[in-house]
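Q: Predicted model and sequence follow; I will ask about them next.
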Amino acid sequence: MQDSGEMATMPAVTNGLELPTGRTQGGLRSAIVVMMCSLTLFLNNGFMLIGLSVFDPVLIQRLHVSVGTLKLGDTITLLTLAVSAPLAGWIIDELGPRVAFVMGMSLMAVGMAAYAYAMTILEIYAIHMSFGLCLALCGAFATAIVVSTVTERHRGISLGILLATSSSGMAVAPKILEALRTISGWQGAVLTMACVTALFLPVLWLALPSRAAAHPDAVVTMGATTLRAAMRSRVFWLLSIVAAVGYFAELGVVTNLVLFCSAEMRVDMARIGSLMLLMFLVSVFAHLAVGWMTDRLDRRVIHACSILIMACGSALLGCHAPSLVWLGATLFGLGWGGNYVLLQYLLTHLFRGPEMGRIIGCIGVFEAAGAGLGPFSLGAVYDMAHSYAPAFYGVTALLVLALLAAVRIRAA
C-alpha cells in the first residue's frame, strides 16, 4: 500500500486530462494553459479581428469597392461566429480544446495568407467566414472555458489576465502591422503574421489539454450542467440578455466613436487616436482589477457596478458636450472592461459540466448577434437623426435593461 506522501504526487486523471495533484506542478500547468489561451486571443482578436482594418484603404483601391461593401466582411465574420458557436462548443466538449484551438488557428493562418492575395470581394468574404469559424473555435468564449477549467481559487484574475491580453492585442496590433508594412509592404506584413500563427500551432498542441476537464478542486454550484437543463433555467436567458446588450454597446460605441468625434465634436485625428488608446488602457486596467476583485468580493455587486459605469459613460457621450467626451469614453471603457470579465466568469461558473461548451456556445449566438448589430444600428440612427445623441441614449437605455437582468442572476 502506498503511503500518503506518495499518493500526493500521483497525477489526477479527470475526463482525459491529466492534472498533477501537487500544488506546484498543478499551478505551473494552469499558468501555461492561461498563457497559451491569452496568446491565442492576442493573435486572433488583435491581428485578425482588429489589426487587418489598417489595410482597408489599400483594399478599397485594390478591389475597387465602397467602404460599406468592404466592411460587410466584418459583419460576415460575426454572423459566421454566431451561426457556428454551438458547433464549436460541441467540438470543445467532444474533441477537446487542443483540437478546437489548432483547427481555429489553422484557419487564421490560412485565411491571413489568402488575404494577402485576394483579388475579388467574394474572396474577401470567404476569408471572413474562415475568420468567424476561427473565433468560434478559439475566440473569447472558447478560451474562457479552458481557463476556467484549469483554475479555481484564482479564476477571476486568470480571466482578467486573459481578457487584458486580448485588449492589449487590439491596441498594439494595428501599430505592429503598420510597422511591418514599412518594412515589407502590406502583403508582407499579413504574410508575416500568417507565418507567426502557423509557428504557434505546435506550441498550442503541446501545451493545451486534450479535454476541457474540471479542475480537481472545482465544485459545481449549479444544477444546469446540460444544455437542455440550462435552456429551461432563468439564468441562461438573463445571461443571454446581458451578453447581447454588452457586446451591442461595446462594438457599437467603439466602431462609431471616431466618426462621432470627428464629425460632431470636431476633434482632430491625433486626439482621437489618444482617446481610443485611453479607452483600451482603462479597459485593460478594469480587466485586471475586476478579475482580482471577483475572487474576493460579491460578484453581483461588481457586475452591477460595471454595467452602471458603462451606462454612465454612454450617457455622457450622448450629452453632446466636447468637455464630457473624454470622461464618457473613460467611464465606458472601465465599465466594459469589468462587464466583460464578469460575463465570462459567470458563464463558465454557472454552467460547469460535461456540456459547458454547448451551453456557452448557444449563448455565444446572442453575443455575436449583438456585436454584429451594434455598429450598424448606431450608424443607422446617426443617418436618420444626423446626430449620435439618440444612439448613445439608446445604448444607455439598453444597458439599464442589462443591469436589471444582471442583478437577478444569482451567482454562487
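A: In hand now; what should we look at?
Q: State the pLDDT value of the closest residue to residue 156 other than its chain neighbours.
A: Once its chain neighbours are removed from consideration, residue 156 has its nearest residue in residue 294; the separation is 3.1 Å (CB to CB, 6 or more residues apart in numbering). Every residue, glycine included, has its C-beta placed from N, CA and C. According to the predicted model, the pLDDT of residue 294 comes to 84.
Q: so where's this protein uncertain?
A: Within the chain, the set of residues satisfying pLDDT under 70 comprises 1-26, 67, 211-224, 269, 411-412.
Q: any idea how far residue 238 is from the spatially most central residue of it?
A: When the chain is reduced to its mean C-alpha position, the nearest residue by CA atoms, centre = their mean turns out to be residue 140, at 3.8 Å. Counting by CB to CB, to the nearest Å, the separation of residue 140 from residue 238 is 19 Å.
Q: One more: residue 146?
A: 24 Å.
Q: more neighbours, those two?
A: residue 146 (27 against 19; other CB atoms under 10 Å).
Q: Now for this protein: which helix has the highest residue count?
A: The longest helix of the chain (DSSP state H) is helix 155-207.
Q: tell me the phi and psi of residue 386?
A: The phi and psi torsions at residue 386 (degrees, to the nearest 10) take the values phi 60, psi 30.
Q: Residue 354 too?
A: phi -70, psi -20.
Q: so it sits right up against residue 225, yeah?
A: Yes: with contacts counted by CB atoms under 8 Å, residue 354 reaches residue 225, the gap being 6.7 Å.
Q: Direction-wise, compare the host helix or strand of residue 141 with helix 155-207 and give the angle.
A: Using DSSP states H and E, the secondary-structure element containing residue 141 is helix 140-150. Angle, helix 140-150 to helix 155-207, by axes from the mean of the first three to the mean of the last three CA atoms, to 10 degrees: 100 degrees.
Q: Which elements pack onto helix 140-150?
A: Helix 140-150 makes packing contacts with helix 23-41, helix 67-95, helix 97-115, helix 155-207, helix 322-350, helix 356-385 when contacts are defined by 3 or more CB pairs under 8 Å, 6 or more residues apart in numbering; DSSP states H and E.
Q: now for these, which one comes closest to residue 48?
A: The minimum distance between residue 48 and the helices and strands packed on helix 140-150 falls on helix 97-115, with 5.4 Å, by CB to CB.
Q: Could you dump the helices and strands packed on helix 140-150 into a markdown table and include distance to residue 251 and mean neighbour count?
A: As requested, those are arranged in a markdown table below (distance: least, CB to CB, whole Å; neighbours: other CB atoms under 10 Å):
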| stretch | distance to residue 251 | mean neighbour count |
| --- | --- | --- |
| helix 23-41 | 16 | 18 |
| helix 67-95 | 8 | 20 |
| helix 97-115 | 20 | 22 |
| helix 155-207 | 12 | 19 |
| helix 322-350 | 10 | 24 |
| helix 356-385 | 4 | 22 |
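Q: just to revisit the earlier point, ok and the helix holding residue 141 relative to helix 97-115, angle-wise?
A: Orientation check (the same axes, to 10 degrees): helix 140-150 against helix 97-115 gives 150 degrees.
Q: still on that earlier bit, same list (the helices and strands packed on helix 140-150) but as JSON lines, adding distance to residue 127.
A: Converted to JSON lines, these look like this (distance: least, CB to CB, whole Å):
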{"stretch": "helix 23-41", "distance to residue 127": "19"}
{"stretch": "helix 67-95", "distance to residue 127": "8"}
{"stretch": "helix 97-115", "distance to residue 127": "5"}
{"stretch": "helix 155-207", "distance to residue 127": "11"}
{"stretch": "helix 322-350", "distance to residue 127": "27"}
{"stretch": "helix 356-385", "distance to residue 127": "17"}
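Q: Show me the one of the ones you listed that comes nearest residue 285.
A: With CB to CB as the yardstick, what comes closest out of those is helix 322-350 (6.9 Å).
Q: Which neighbouring elements make contact with that closest one?
A: On a contact count with 3+ CB pairs under 8 Å, 6+ apart, helix 322-350 meets helix 140-150, helix 155-207, helix 234-259, helix 269-294, helix 299-318, helix 356-385.
Q: tell me the angle of it relative to helix 155-207?
A: Angular relation of helix 322-350 and helix 155-207 on a 0 to 180 degree scale: 70 degrees, by the same axes, to 10 degrees.
Q: Going forward, count from 51.
A: Got it, first residue is 51 now, which makes that one helix 372-400.
Q: If you count neighbours, what's buried in whichever strand or helix holds residue 177?
A: Assigned by DSSP H and E, residue 177 belongs to helix 171-188. Across helix 171-188, burial judged by 16 or more other CB atoms under 10 Å covers 171, 174-175, 177-188.
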